[in-house]
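Enquirer: based on what follows, work out the 3D shape:
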Amino acid sequence: MKIILFSRYGIAHTAEQLQNLFRLLEQYSFVYEINLEFANVVQELTNIEIPSDKIYTNNVKPQEAEAIMLCFGGDGTLLEGIRRLGDNQIPVAGVNLGHLGFLTSVQVHELEEFLKSVVERSFHIQRRMTLEVQGIENLTLTALNEVVIHRAEASMLRAKAKVNGQVVARYNGDGVIISTPTGSTAYSLSAGGPIISPDCDTILLTPLAPHNFGVRPLVVPASAEIELEIDPQYSLNAELSVDNKTYSVHPTDKLKIRRSQRQILLVVSHNISFYETLRNKMMWDTDIRN
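Expert: Numbers count the residues shown, from 1 in each chain. As a prediction, this is how the structure comes out:
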């Protein structure tokens, strides 16, 4: 069984946590690969030497279906790990070293229990939809959380949005977020969008700081095709963020966003529901009057 390890610089690792990880990998006879940044951190904090043939740099090479990716950090780290997977369709699990962490389902103290479940293939997987974006530099981009078009300069951005060829709104403000149900608890949530259960088949459009106050978040079917186009009279340049990567958008670019055929195999806790996670993360059971 192979585990693809991933983490980034700036994550609060400890020598004890890393030593425990590699002890467990050896104890359960896992084969592993590790990204260069994470390998450097391991070697800086511990005396563990990582063989060069176990280190990958940018994208993960093709893997067997029995492999699993294990990301150490927060949701942003997990999104970056997924990007590095490329076309590999293997389960992805996150060990939460961040704060809120809606995508990272494993806590550090649960690592051994989780690795046992990997050996037994008893962990739980949810298939999460992704979005496909076309119109930037002849690329086809994929997002698990969201696609955001936003202003790249001080002036207001004006973006026209169509759904299945019909004009829905002209967003005047900082921009607009197009998110999956998974992404409804990310950037869209902070912009006032609704929370959507990940098993819903929908796409969410959430305005960013709109100047036209009547504009509200809109939920459309996952089968919809969304087109975005900026108005050059108001903005000469804009930026497109696809999860954790940013691209320049010019007035001549016409963006098309639709549901992608790719699904992410996200490892989730088998005994904690989405709604229980919401209650815990959002502190909905806490009475602030006490």
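Enquirer: what does the model give Asn271 for pLDDT?
Expert: pLDDT recorded at Asn271 is 68.
Enquirer: can you check Ile264 too?
Expert: 97.
Enquirer: same check on the one 4 residues further on?
Expert: At Val268 the predicted local distance difference test score is 87.
Enquirer: so what's it up against?
Expert: Shown in contact with Val268 (CB atoms under 8 Å, 6 or more residues apart in numbering): 105, 124-126. All C-beta spots, glycine's among them, are computed from the backbone N, C-alpha and C.
Enquirer: can you give me the helices for the stretch 151-290 of the chain?
Expert: 187-190, 274-282 (DSSP state H, counting those that start in this stretch).
Enquirer: isn't Leu278 up against Pro198?
Expert: No. The pair Leu278 / Pro198 is not scored as a contact, 11.0 Å apart, by CB atoms under 8 Å.
Enquirer: of those two, which one has the most company?
Expert: Neighbour totals were compared for Leu278 and Pro198, and Pro198 leads with 19 against 15 (other CB atoms under 10 Å).
Enquirer: ok, then the element right after the longest helix anywhere in the chain?
Expert: Counting by DSSP state H, the longest helix found in the chain is helix 15-27. As assigned by DSSP states H and E, the chain's next helix or strand after helix 15-27 is strand 31-35.
Enquirer: buried residues of that next one, list them for me.
Expert: In terms of neighbour count (16 or more other CB atoms under 10 Å), strand 31-35 has its buried residues at 32-35.
Enquirer: where's the residue nearest to Ala222 when sequence neighbours are not counted relative to Val268, distance?
Expert: Closest residue in space to Ala222, ignoring its immediate chain neighbours: Asp201 at 4.3 Å, by CB to CB, 6 or more residues apart in numbering. From Asp201 over to Val268 the distance is 18 Å, taken as CB to CB, to the nearest Å.
Enquirer: can you pull the phi and psi angles for the residue nearest in space to the middle of the chain?
Expert: By CA atoms, centre = their mean, the chain has its centre lying nearest to Leu79, at 3.6 Å. The phi/psi pair for Leu79 (degrees, to the nearest 10) reads phi -60, psi -40.
Enquirer: what of Phe30?
Expert: Dihedral angles for Phe30 - degrees, to the nearest 10 - are phi -80, psi 140.
Enquirer: residue contacts, the residue nearest to the centre of the chain?
Expert: Contacts of Leu79 by CB under 8 Å, 6+ apart are 103, 144-145, 243-244.
Enquirer: if we go to 10 Å?
Expert: Contacts for Leu79 (CB atoms under 10 Å, 6 or more residues apart in numbering) come out as 71, 73, 92, 94, 103, 143-145, 183, 186, 242-245, 264.
Enquirer: any idea which of these is least confident?
Expert: pLDDT is lowest at Asn244 among the contacts of Leu79; the value there is 81.
Enquirer: related to what we said a few turns ago, contacting residues around the longest helix of the chain?
Expert: With contacts defined as CB under 10 Å, 6+ apart, helix 15-27 is touched by 3, 5, 7, 13-14, 30-32, 34, 38, 41-48, 50, 70, 72, 95, 97, 108-109, 111-112, 114-116.
Enquirer: give me the neighbour count for the spatially closest residue to Pro232 that is not a sequence neighbour.
Expert: Nearest non-adjacent residue to Pro232, counting by CB to CB, 6+ apart: Pro251, 3.6 Å away. Look at Pro251: counted by other CB under 10 Å, it has 15 neighbours.
Enquirer: relative to Leu85, how far out is Leu18?
Expert: Applying CB to CB to Leu18 and Leu85 gives a distance of 22 Å.
Enquirer: no no, Arg158
Expert: Where Leu85 is concerned, Arg158 sits at a distance of 36 Å (CB to CB).
Enquirer: so the chain: which segments form each domain?
Expert: 2-122, 130-261 (automatic domain parsing).
Enquirer: and these: which comes nearest Met283?
Expert: Nearest of the domains of the chain to Met283, taken as CB to CB: domain 2-122 at 10.8 Å.
Enquirer: so how far does the closest one reach from one end to the other?
Expert: 16 Å (CA to CA, to the nearest Å).
Enquirer: swap in stretch 69-89?
Expert: Start-to-end span of stretch 69-89 (CA to CA) is 10 Å.
Enquirer: could you list the buried residues of it?
Expert: 69-85, 88.
Enquirer: same check, this time on stretch 50-68
Expert: Buried-residue list, stretch 50-68, by 16+ other CB under 10 Å: 50, 56, 60, 63, 67-68.
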